[in-house]
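S.K.: Compute the structure for the input listed below.
(2 chains)
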Amino acid sequence: MRKRALRIISGLGGTVALIMALPALAGAQEATPGEDAAAAVQAVLDNVWVFIAGCLVFFMQAGFALLEAGMTRAKNAVNIFAKNLSDAMIGVLAFFAVGFAFAFGGGGSFIGSEMFFLSGTDLTIGAEGGLSVATTFFFQVVFAATAVTIASGAMAERTKFMSYLIMSAAMTGFIYPVVVHWTWGGGMIAGWTIGDAVYSDFAGSGVVHMSGGILGLVGTLFLGPRLGKFGADGRPRAIPGHNIPFVAVGTLILWLGWFGFNPGSELAADSAVMTVAVNTMLAAAAGGVATTILIWAWKGKPDVAMICNGILAGLVAITAPCGAVNAGMSVVIGLIAGLLVVCSVLFLDRIHIDDPVGAVSVHGVCGLWGVLSIGLFARYDDAFLGREDAGLFYGGGIDQLAMQAALAGMIIVWVGGTATILFAILKATIGLRVSRAEEVEGLDELEHGLRAYPADVSFT
Amino acid sequence: MKLITAVVKPHKVGDVKDALKAEGITGMTVAEAQGFGRQGGHTDVYRGTEYVVEFIPKTEIQVIVDDDVADKIVATIVAAAKTDTIGDGKIWVTSVERLVRIRTGEEGPEAI
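M.R.: Residues are numbered from 1 along each chain as shown, chains lettered A, B, ... in the order given. The predicted structure is shown next:
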């Protein structure tokens, strides 16, 4: 079993050392040509698979964009896509400049301090196991972009574009990388133990989805609800999305992309990849079914927009436990997520928090559920846990559950705290929310000078 | 019977509808439209090229009323649709020669 954090760091630092030491190593180990060749092929397979997985995760940006645009109004569609494109672009550059270094650079247990702008690294493939720096950077940067784009949904239809850009840079450059450093980067949280329990978050229900969900929640609180979302009597008004086909196609793209998100997080091309993929598939389906049943029974009709949230809820929830649970428990985890997301969406409406696409419910709430579910259902060693039967229902006691709660709590405190400071500064300086007139007219025309669906012009 | 046609800003349609319902209007027809008046258009830039956008999205509302309430309904629409910025729109009143309810065949003021 390869410890994941060690694998990343060894892949990076070790690759450089390995390449330089190769001639000496070859003589010292006396490996057979066959073993050398097999190891070399495995290394290539590892890198190729993780690269493809990274491409799938990157394509989730398209899924998020379609989902969010479909769930919001036509007059803001250009702005939604602009935000999604921008946080991919800015996310990549901010992560390249400082984020990757903060996340994975050697340093203290709080934050990394090497590899700014990828300096001092050799991007090429490592000769013996481990991922190359290029592969690691590629895979991690698309995760960073995912974390930040989650928040764009919660803050849709009323956020100043410039403020959003600054938020993107801050999230991918600093807030998110610190969470990564504490966990996948081998920092603070990775060193915590409660009994035999260490933290586990295979692909990031906590690290990525909770982080994005909390950022979105704090943003929503600072922004306030959209104009007219809550009537004079306090009851929520529906603001229907303008394109349900977009919502559905976006969800399917995200579902597909998750087959890169979770199985790719094995960081190797081995048999665990397929097990994780199966767990992922099951949880998505279970989440969708649970939501379908609940919303149909509760509100009278199978609401497709809510069902899409349910599928994603299952996917978010399985993202942490996918390496540690069996197929049956994947279904259970997805089912519970599908129920949770409906309750959360309706609850947020009741307490007057306006989340246009359900991002806080899907990613924040179900991300938390995913993190905690390891404490209940962990059966196998997912290369984080270092032991089997860690879950409460497998005789592992409450140590793992407590550790998962500590992980979740730390993420909430860090992201919640830094986001609060960030949005307070933005609100006090350049402003966070667009003007009332602009929100009414629509952001497309006034922020971008373009309509999403203009009438055709013709010339004769 | 009078036909009252109002071209208003799209985001005011809800307010106009609520105000008309409060006055006892029980039906209306609403259509998406584009238009401009003296406000003219504005200039946007598309991929580096400037162009003039003249037509602005508007919403057209039609209601048919009894002659004696026409003025009141016009005033109601004015109050509800006004934003005191250019592009608020216009209202005009025309006569209706004949009115029929399709389902029942009722005619005239009973079909309102």
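S.K.: Give me the phi and psi for residue 106.
M.R.: I went with chain A, as the question did not name one. phi -60, psi 160 (degrees, to the nearest 10).
S.K.: hmm, I had chain B in mind actually
M.R.: phi -60, psi 150.
S.K.: mind checking how far it is from chain A?
M.R.: 34 Å (C-beta to the nearest C-beta, to the nearest Å). Where you see a C-beta, it was placed from the backbone N, CA and C, and this is true even at glycine.
S.K.: give the contact list for the residue of chain A found nearest chain B.
M.R.: Taking C-beta to the nearest C-beta, chain B has its nearest neighbour within chain A at A:Gly449, 4.6 Å off. Going by C-beta atoms under 8 Å, 6 or more residues apart in numbering or on different chains, A:Gly449 touches B:44-46.
S.K.: 7 Å instead?
M.R.: Each residue near A:Gly449 by C-beta atoms under 7 Å, 6 or more residues apart in numbering or on different chains is listed here: B:44-45.
S.K.: Equivalent analysis for A:Gly257, please.
M.R.: So A:Gly257 contacts A:56-57, A:59-60, A:63 (C-beta under 7 Å, 6+ apart).
S.K.: Mind checking which of the residues you listed are in helices?
M.R.: A:56-57, A:59-60, A:63 (DSSP state H).
S.K.: In those, which residue is surrounded by the most others?
M.R.: Per-residue neighbour counts (other C-beta atoms under 10 Å in any protein chain shown) across these peak at A:Val57, which has 27 neighbours.
S.K.: So that one sits against A:Asn262, correct?
M.R.: No. A:Val57 lies out of contact with A:Asn262 (C-beta atoms under 7 Å); the separation is 9.6 Å.
S.K.: returning to that earlier point: any chance of the backbone angles for the residue of chain A closest to chain B?
M.R.: Dihedral angles for A:Gly449 - degrees, to the nearest 10 - are phi 70, psi 30.
S.K.: A:Val180 and A:Ala419: what is the separation?
M.R.: Counting by C-beta to C-beta, to the nearest Å, the separation of A:Val180 from A:Ala419 is 16 Å.
S.K.: Kindly report the same for A:Gly370.
M.R.: 20 Å.
S.K.: more neighbours, A:Val180 and A:Ala419?
M.R.: Between A:Val180 and A:Ala419, counted using other C-beta under 10 Å, A:Val180 has the larger neighbour count: 27 against 24.
S.K.: still on that earlier bit, name the nearest of the contacts of A:Gly257 relative to A:Ser113.
M.R.: Using C-beta to C-beta, A:Val57 comes nearest to A:Ser113 of these, at 26.6 Å.
S.K.: OK, contacts around that closest one?
M.R.: Here A:Val57 is in contact with A:142-143, A:146, A:257, A:260-261, A:264 (C-beta under 7 Å, 6+ apart).
S.K.: Adding pLDDT, write the ones in helices among the contacts of A:Gly257 out as TSV.
M.R.: Formatted as TSV, the ones in helices among the contacts of A:Gly257 follow (pLDDT from 0 to 100):
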residue	pLDDT
A:Leu56	98
A:Val57	98
A:Phe59	97
A:Met60	97
A:Gly63	97
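S.K.: could those residues be laid out in JSON lines, adding distance to B:Lys58?
M.R.: JSON lines is the format used below for the ones in helices among the contacts of A:Gly257 (distance: C-beta to C-beta, whole Å):
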{"residue": "A:Leu56", "distance to B:Lys58": "44"}
{"residue": "A:Val57", "distance to B:Lys58": "43"}
{"residue": "A:Phe59", "distance to B:Lys58": "39"}
{"residue": "A:Met60", "distance to B:Lys58": "38"}
{"residue": "A:Gly63", "distance to B:Lys58": "35"}
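S.K.: Would you map the helices across chain B?
M.R.: Going by DSSP H, chain B shows helices at B:13-22, B:70-81.
S.K.: go on, the stretch 201-350 of chain A?
M.R.: Using DSSP state H, counting those that start in this stretch, the helices of the stretch 201-350 of chain A run over A:211-223, A:244-261, A:272-299, A:304-318, A:327-350.
S.K.: from these, which stretch is densest packed?
M.R.: helix A:304-318 (a mean of 30; mean count of other C-beta atoms under 10 Å in any protein chain shown).
S.K.: so how far is that helix from its chain's centroid?
M.R.: 14 Å (C-alpha atoms, centre = their mean, to the nearest Å).
S.K.: what does stretch A:96-109 give?
M.R.: Chain-centre distance of stretch A:96-109: 18 Å, with C-alpha atoms, centre = their mean.
S.K.: Can you dump the C-alpha atoms of that stretch in PDB for me?
M.R.: This file holds the C-alpha atoms of stretch A:96-109, laid out as PDB (Å, rounded to 0.1, in the frame of the first residue of the first chain):
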ATOM      1  CA  PHE A  96       1.200  27.700 -10.800                       C
ATOM      2  CA  ALA A  97       2.600  30.900  -9.200                       C
ATOM      3  CA  VAL A  98       2.100  30.100  -5.500                       C
ATOM      4  CA  GLY A  99      -0.700  27.700  -4.900                       C
ATOM      5  CA  PHE A 100       1.200  24.500  -5.900                       C
ATOM      6  CA  ALA A 101       4.200  25.600  -3.800                       C
ATOM      7  CA  PHE A 102       2.000  26.300  -0.800                       C
ATOM      8  CA  ALA A 103       0.300  23.000  -1.200                       C
ATOM      9  CA  PHE A 104       3.100  20.600  -1.900                       C
ATOM     10  CA  GLY A 105       6.300  22.500  -1.400                       C
ATOM     11  CA  GLY A 106       8.500  21.400   1.500                       C
ATOM     12  CA  GLY A 107       8.300  23.700   4.400                       C
ATOM     13  CA  GLY A 108       6.500  23.600   7.700                       C
ATOM     14  CA  SER A 109       3.400  21.700   8.600                       C
END
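S.K.: buried stuff in it?
M.R.: Of the residues in stretch A:96-109, A:96-105, A:107 count as buried by neighbour count, 16 or more other C-beta atoms under 10 Å in any protein chain shown.
S.K.: So which of those belong to helices?
M.R.: Using DSSP H, those in helices are A:100-104.
S.K.: As TSV, these with pLDDT would be great.
M.R.: Below are these laid out as TSV (pLDDT from 0 to 100):
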residue	pLDDT
A:Phe100	96
A:Ala101	96
A:Phe102	97
A:Ala103	96
A:Phe104	94
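S.K.: show me the contacts for residue 73.
M.R.: Reading this off chain A. A:Arg73 touches A:157, A:239, A:242, counting by C-beta under 7 Å, 6+ apart.
S.K.: Switch to chain B, please.
M.R.: B:4, B:23, B:25, B:63, B:65.
S.K.: Which of those residues are buried, as a PyMOL select command?
M.R.: A single PyMOL command is used to select the members of the contacts of B:Ile73 judged buried by 16+ other C-beta under 10 Å:
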select buried, chain B and resi 4+25+63+65
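S.K.: helices or strands up against the helix or strand harbouring A:Val413?
M.R.: Assigned by DSSP states H and E, A:Val413 falls within helix A:399-428. If contacts are counted by 3 or more C-beta pairs under 7 Å, 6 or more residues apart in numbering or on different chains; DSSP states H and E, helix A:399-428 sits against helix A:161-170, helix A:176-182, helix A:211-223, helix A:366-377.
S.K.: Kindly present those helices as TSV, with separate columns for distance to B:Thr76.
M.R.: Formatted as TSV, those follow (distance: least, C-beta to C-beta, whole Å):
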stretch	distance to B:Thr76
helix A:161-170	38
helix A:176-182	53
helix A:211-223	34
helix A:366-377	48
